[in-house]
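>>> Can you look at this prediction? I've put the sequence above it.
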Amino acid sequence: MLFDTHVHLNAEQFNEDLEEVMSRAKEAGVENMVVVGFDRPTITRAMELVEQYEFLYASVGWHPVDAIDMTDEDLIWIEELASHPKVVALGEMGLDYHWDKSPKEVQKEVFKKQIHLAKKVKLPIIIHNREATQDIVDILREEGAEEVGGIMHCFSGSSEIAQECVEMNFYISLGGPVTFKNAVKPKEVAKDIPIEKLLIETDCPYLAPHPNRGKRNEPAYVKLVAEQIADLKEMTIEEVGKITTDNAKKLFNIN
Ligand code: NI
């Protein structure tokens, strides 16, 4: 029993063989997934997929790299979608200082607008962070994001920052990087953060876990993430699967 909390099955990389990808996920024990949309085309496709497949849920938001493109109409559209029964979160949203398409100040504005919206519609948020940890933590605190909570997606920071996020009502989601041979911080986080506050994800088609690193990622590989966490925590994969699935269902309010 596994819950992949972050997939991009709405990406064009899955156009050719989506059915096969889904059946491999089922075989690997993946029961539910959240398809994350972050701009017009990916949100549209995520909504199509959740209408089509019972076991899929959606998260809708605006990516920080493209913050400069977000219009008022886009935000209104996201608010409308938020009332759809299969939309379980807003995001991914956050800050990305690796790419400079959108200035930092614009990214911060768009991030804050989405936090406000999440509080209005009472949905948790999925956070994308790249090279912007301190600003993210500051904004979450200033904007009172604790009220809705959410997920630090594909978390790559230290145990100390992870702990700070947990105290702000956020779950820490670990993906492929926790399995990489040279990964130090994600392995420490997996050990230090209580399993009741951890989630698992693939972020497919990106960041495939070892030994598939560099290849296209897919939801079936979330099992490799769960195995690594089980190993680090000296638990069984069944326990890790069960508890992280319960965590996800609680956060997303899925029965
Ligand atoms: Ni993503």
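Noted; the coordinates are in hand.
>>> which residue ranges form the strands in the stretch 151-255 of the chain?
170-174, 198-200 (DSSP state E, counting those that start in this stretch).
>>> other SSEs contacting the shortest one?
Identification of packing neighbours for strand 198-200 by 3 or more Cβ pairs under 8 Å, 6 or more residues apart in numbering; DSSP states H and E yields strand 2-7, strand 170-174, helix 222-233, helix 237-252. In short, each C-beta sits where N, CA and C put it, glycine included.
>>> Let me see the residues that make contact with the longest one.
What that stands for is helix 237-252. 1-3, 5, 29, 31-32, 34, 57, 88-89, 124, 149-151, 171, 195-200, 223, 226-227, 229-230, 233, 254-255 (Cβ atoms under 8 Å, 6 or more residues apart in numbering).
>>> What is the burial count for residue 112?
When neighbours are defined as other Cβ atoms under 10 Å, residue 112 has 15 of them.
>>> now residue 69
Residue 69, neighbours per other Cβ under 10 Å, totals 15.
>>> ok, it to residue 38 distance?
In this view, residue 69 and residue 38 are 11 Å apart by Cβ to Cβ, to the nearest Å.
>>> So which of the helices and strands packed on strand 198-200 is nearest residue 159?
When the helices and strands packed on strand 198-200 are compared for distance to residue 159 using Cβ to Cβ, the nearest one is strand 170-174, at 9.5 Å.
>>> Report the angle between that closest one and helix 237-252.
Strand 170-174 and helix 237-252 are oriented at 140 degrees to each other (axes from the mean of the first three to the mean of the last three Cα atoms, to 10 degrees).
>>> so residue 49 touches residue 55, yeah?
No. Contact between residue 49 and residue 55 fails when scored by Cβ atoms under 8 Å: they sit 10.5 Å apart.
>>> Compare neighbour counts for those two and give me the winner.
residue 49 (22 against 13).
>>> got the contact list for the more buried one?
Counting by Cβ under 8 Å, 6+ apart, residue 49 touches 9, 10, 35, 56, 58.
>>> Try it again at 7 Å.
By Cβ atoms under 7 Å, 6 or more residues apart in numbering, the contact list for residue 49 reads 9, 10, 35, 56.
>>> Quick check: beta-bridge partners of the third one?
Bridge pairing for residue 35 (DSSP bridges) gives the partners residue 7, residue 58.
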